[in-house]
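[1] my questions are about this predicted structure, shown below with the sequence.
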Amino acid sequence: MKTLTLGAFLAVAVTVSAQAPAPLAAPTGNAQRGKVVFETQLRCFACHGYDGQTGSPRLVPMARAEDVFLAYVRKPATQGMPSFAAISEQQLRDVYAYIRSIPQAAPSPESVPLIKGILDRRSKAN
Amino acid sequence: MADSIDRRDFFKGAALGAAGLVVTTEKTADAAAVPASPPPVTLPTNAHAHDLAYAQAQQSAVAAPVRATVTSQGRPASDFMVDVLKKIGFEYAAINPGSTFQGLHESLINYGKNTAPELLTCLHEEAAVAMAHGYAKAAGKPMLVAVHGTVGLLHSSMALFQAWADRVPVVLIVGHHRNPSGVINRPHSAQDMGLLVRSFVKFDDEATTLERFAEATMRAYKIAMTPPMGPVVLTVAAELQESIVTNEPRIPELVVPAPPQGEAAAVREAARLLVNAESPLIQIAKLGRTPKAWDLLIELADLLQAPVDTMGYSSWQKFPSWHPLYGTGGRGYTPDVTLGLEVTDMSAQARAARANNRKTISISAEHLFQGSNIHDYGRYADVDLAIAADAEATLPSLIEEIRRQMTPARKSVVQARGQRVAAAHKEGQLDGIREARHGWDASPVSVPRLIAELGSQITNDDWAIVSGHQFTGDWQRRLLNHDKPYRYNGDCGGFGIGYDTPASVGGALAHKKSGRLSVAIVGDGDLNFSPGVLWTAAHHKIPLLFIVHNNRAYHAEVMIIQRMCGVRGRGNENAHIGNVIADPDPNYAALAKAYGMYSEGPIEHPKDLQGAYQRALAKVRAGEPALIDVVSQPR
């Protein structure tokens, strides 16, 4: 019985994990205003890059839902991330909208000749 | 003995001379001084009040006769000093001039004919020592540095600290006056000159006679070169330099001691632990005094099929970056035996190993270390086996012992491990390279794009990165195949800014003879500490491509202050204050041009990089330095 129960549980778990993540709801904020806050007020670019793609961690593509993002920014889980407890909710929603507005697609490595060349050389190195 | 005119005020002195102030000279340094009456001070009609104050002070300084010597009266002692320096074999002497070593300076350029050592004119003493730091790591031997009493030594102190923390040899001569007179010479003299920097030099001494100069210089060089290596300082009074040789001493032979090797029984035990380990890890830091260490480490890693962790910014990183064993073994690899080779601080690894019934071995000359005011020696390393020896010198016997103890059964275990590690490393490194695509076309330019574009153009060159990589992350080692020991010259050692730019010039100078193509990727913050070294590179025709990673800020500090603002809940609006280098935005290409160097920039779009690199590299290949200012993403 216990075995059957565990097996049934695992089957459900595998089914759930195999599903694609639910699409995020559309942002409610204003992306243009959010860009200004991102660059001049919160200065998020300092760690995440001007377009959210070159720093660490990358913000694009954004994986968090809007309210989850707001909660995280107000109370981050890591020491390296500043806590933005004082900023208004609307401003954070605007920042979220800006991040979501940044084109997501980085080129595939194989489509960039320089990167492909490095990958080929590294592969041949050993 | 009387005093001389000070160097930093030479031009003022010259102007005064033209206005009627006459410097009295003596025929010999040791002749009884006959003070001349000070002439009245007269100044040009357009002179300022501070010129008069200076002139009066200067008059006081020259009231007694100047020690200028007439060469026909005998052999200047500083000529003998040059013979000592030539016997040691210094190729270069980086200097910023000062009257406390004017005797030696004159001997180097005239008696010594400005060869071996050849003077390198530096515009700041910190740059002079940092150049020597970079040169020593690339050339494997020290550069001589000469600086002015007190003021020059204090200017050089930061770079001496970095060399100390990086365990790199530098030989520095500082002048002073034993019996200073005059308001200018007194501050350039000290009861104990070495005290000013004793916290971070390995040895200092004052030569009071020529015989002692010869011995102290040989001793200083030997100490600098004996592991753990470090900077040394020798104080030489102007009076001694400018005296006449009366009884020339013999110059002793220079014999640098063979570095200590690990004790045989301890090496056997280290080999036993490593051969029987299931998942050994090799960690390296200040390993690689000579290129031999590179080959020996590859041999050791291959023999054990053990991953090699190059330990980040405090390491010289003398292991090929695309080697199958480069890394920490991949996800889930938990070392049961960790071998540290010249790792300054193994305390964290040792604590973790103790807690988990694993073993740590440390082979390092650091165990011979006698103490320091600087905390870079870290916490007590609670290792299982400590071998007080130079790791490079010990590697041959360790390798031999491992071969002797390796059984066929262990060999098959080792080979299987190596295949697993290599596969994990390769996949991890390929993923790391693929990360470069993010922000590939971003403006400002991403750091991986900046490096990848460079890499594509130096593939057929014998290149060397002569700057550190503290501020470009690990992108250099991801994107460029560091397959030779000279591909990378290490970081600053003491985690202080201002090293990269001048040290790169020293590294490039060391590579000049071999025709290697030297490249430095330096931050804008770093460049601003010693921009004058651009002139030194241009003046001495040192081929080197500077790429300015210009994120217009002390960016690590931007992030730190932002975090602090966040911790205190005060918002980030002011976090840029005191951290950014913008408004106005410095134009580093214009700066380089002003120093006589080919330059381009600021470049903000990645599409403009290729052409700029091509044009600048053409200059460097032709034997000139060049600079490209790239406005870059913060990280």
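    Here it is on my side, so go on. Numbers count the residues shown, from 1 in each chain, chains lettered A, B, ... in the order given.
[2] how about residue B:367, nearest residue that isn't a chain neighbour?
    residue B:388 (3.5 Å; Cβ to Cβ, 6 or more residues apart in numbering or on different chains). Glycine gets a C-beta too; all of them are placed from N, C-alpha and C.
[3] what's the distance between that neighbour and residue B:165?
    For residue B:388, the distance to residue B:165 equals 20 Å [Cβ to Cβ, to the nearest Å].
[4] and if you look at residue B:483?
    Distance of residue B:483 to residue B:165, given as Cβ to Cβ: 28 Å.
[5] how deep is the residue of chain A found nearest chain B tucked in, by neighbour count?
    Closest to chain B within chain A is residue A:82: 2.3 Å, counting by Cβ to the nearest Cβ. Using other Cβ atoms under 10 Å in any protein chain shown, residue A:82 has 26 neighbouring residues.
[6] can I assume it sits in a strand?
    No - Residue A:82 is assigned coil when assessed by DSSP: H, G, I helix; E, B strand; the rest coil, not a strand.
[7] isn't it right up against residue B:560?
    No - checked against Cβ atoms under 8 Å, the pair residue A:82 and residue B:560 is beyond contact range at 10.1 Å.
[8] correct me if wrong: residue B:186 contacts residue B:180.
    Yes - the pair residue B:186 / residue B:180 is scored as a contact, 4.5 Å apart, by Cβ under 8 Å.
[9] need the helices for chain A, in chain order.
    For chain A, applying DSSP state H gives helices covering A:2-18, A:31-36, A:45-48, A:66-74, A:89-101, A:113-125.
[10] in TSV, list the ones you listed along with distance to chain B, mean neighbour count and mean pLDDT.
    Output for those, formatted as TSV (distance: least, Cβ to the nearest Cβ, whole Å; neighbours: other Cβ atoms under 10 Å in any protein chain shown; pLDDT from 0 to 100):
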stretch	distance to chain B	mean neighbour count	mean pLDDT
helix A:2-18	19	9	41
helix A:31-36	12	17	95
helix A:45-48	5	23	90
helix A:66-74	10	16	93
helix A:89-101	10	21	95
helix A:113-125	4	16	94
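[11] can I get those in TSV including distance to residue B:350?
    Shown next, in TSV, are the helices of chain A (distance: least, Cβ to Cβ, whole Å):
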stretch	distance to residue B:350
helix A:2-18	40
helix A:31-36	48
helix A:45-48	33
helix A:66-74	37
helix A:89-101	43
helix A:113-125	33
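[12] of residue B:483 and residue B:165, who's got more company?
    Neighbour tally, residue B:483 and residue B:165, criterion other Cβ under 10 Å: the higher count belongs to residue B:165, 20 against 12.
[13] residue B:126 versus the more buried one, what's the distance?
    Distance, residue B:165 to residue B:126, by Cβ to Cβ: 15 Å.
[14] for residue B:342, same thing?
    Using Cβ to Cβ, one gets 26 Å for the distance from residue B:342 to residue B:126.
[15] so residue B:507 sits in a strand?
    No - in this structure, residue B:507 is helix, not part of a strand, as judged by three-state DSSP.
[16] what count of nearby residues applies to residue B:404?
    10.
[17] elements contacting the strand or helix carrying it?
    Assigned by DSSP states H and E, residue B:404 falls within helix B:391-405. Applying 3 or more Cβ pairs under 8 Å, 6 or more residues apart in numbering or on different chains; DSSP states H and E, one finds that helix B:391-405 makes contact with helix B:264-275, helix B:292-304, strand B:359-364.
[18] list phi and psi for residue B:309.
    phi -100, psi 120 (degrees, to the nearest 10).
[19] was I right to think it contacts residue B:287?
    No - Residue B:309 sits out of contact with residue B:287 when judged by Cβ under 8 Å, with a separation of 11.8 Å.
[20] doesn't residue B:546 fall inside a strand?
    Yes - under three-state DSSP, residue B:546 falls within a strand.
[21] which strand residues bridge the nearest residue to it once chain neighbours are set aside?
    Excluding its sequence neighbours, the residue lying closest to residue B:546 (Cβ to Cβ, 6+ apart) is residue B:627, at 4.2 Å. Beta-bridge pairing for residue B:627 (DSSP bridges): residue B:546, residue B:599.
[22] tell me where the stretch 1-150 of chain B has helices.
    B:10-18, B:49-62, B:77-88, B:102-106, B:125-139 (DSSP state H, counting those that start in this stretch).
[23] now for the last one, which elements pack on it?
    Using 3+ Cβ pairs under 8 Å, 6+ apart as the contact definition, the elements that helix B:125-139 packs against are strand B:92-95, strand B:144-147, helix B:151-166, strand B:170-176, helix B:500-512, helix B:533-539.
[24] now the helix holding residue B:404: how far from the chain's centre is it?
    How far helix B:391-405 lies from its chain's middle: 30 Å, per Cα atoms, centre = their mean, to the nearest Å.
[25] got the contact list for it?
    B:227, B:258-262, B:264, B:267-268, B:270-272, B:274-275, B:287-290, B:292-293, B:296-297, B:299-300, B:303-304, B:341-342, B:363-365, B:387 (Cβ atoms under 8 Å, 6 or more residues apart in numbering or on different chains).
[26] cutoff 7 Å now
    Residues from elsewhere that reach helix B:391-405 (Cβ atoms under 7 Å, 6 or more residues apart in numbering or on different chains): B:259-262, B:267-268, B:270-272, B:274-275, B:287, B:289-290, B:292-293, B:296, B:299-300, B:303-304, B:341-342, B:363-364, B:387.
[27] around chain A, pick out the residues from the stretch 451-600 of chain B.
    Proximity of the stretch 451-600 of chain B to chain A (Cβ under 7 Å from any Cβ of the partner chain) is limited to residues B:452-453, B:455-456, B:479, B:481, B:555, B:558-559, B:562-563, B:565-567, B:569, B:571-573, B:575-576.
[28] any of these buried? List them.
    For these, a neighbour count by 16 or more other Cβ atoms under 10 Å in any protein chain shown gives the buried set as B:452-453, B:455-456, B:479, B:481, B:555, B:558-559, B:562-563, B:565-566, B:571-572, B:575-576.
[29] grab the nearest non-local neighbour of residue B:305.
    Nearest non-adjacent residue to residue B:305, counting by Cβ to Cβ, 6+ apart: residue B:418, 2.8 Å away.
[30] now for the closest residue to chain A within the stretch 101-250 of chain B: which residues touch it?
    Closest contact between the stretch 101-250 of chain B and chain A, by Cβ to the nearest Cβ, is at residue B:138 (24.0 Å). By Cβ under 7 Å, 6+ apart, the contact set of residue B:138 is B:466, B:486, B:489, B:507, B:510-511.
[31] state the distance from residue B:635 to chain A.
    Distance of residue B:635 to chain A, computed by Cβ to the nearest Cβ, to the nearest Å: 5 Å.
[32] which one is that residue nearest to, not counting chain neighbours?
    Distances taken as Cβ to Cβ, 6+ apart place residue A:55 nearest to residue B:635, at 4.5 Å, with adjacent residues excluded.
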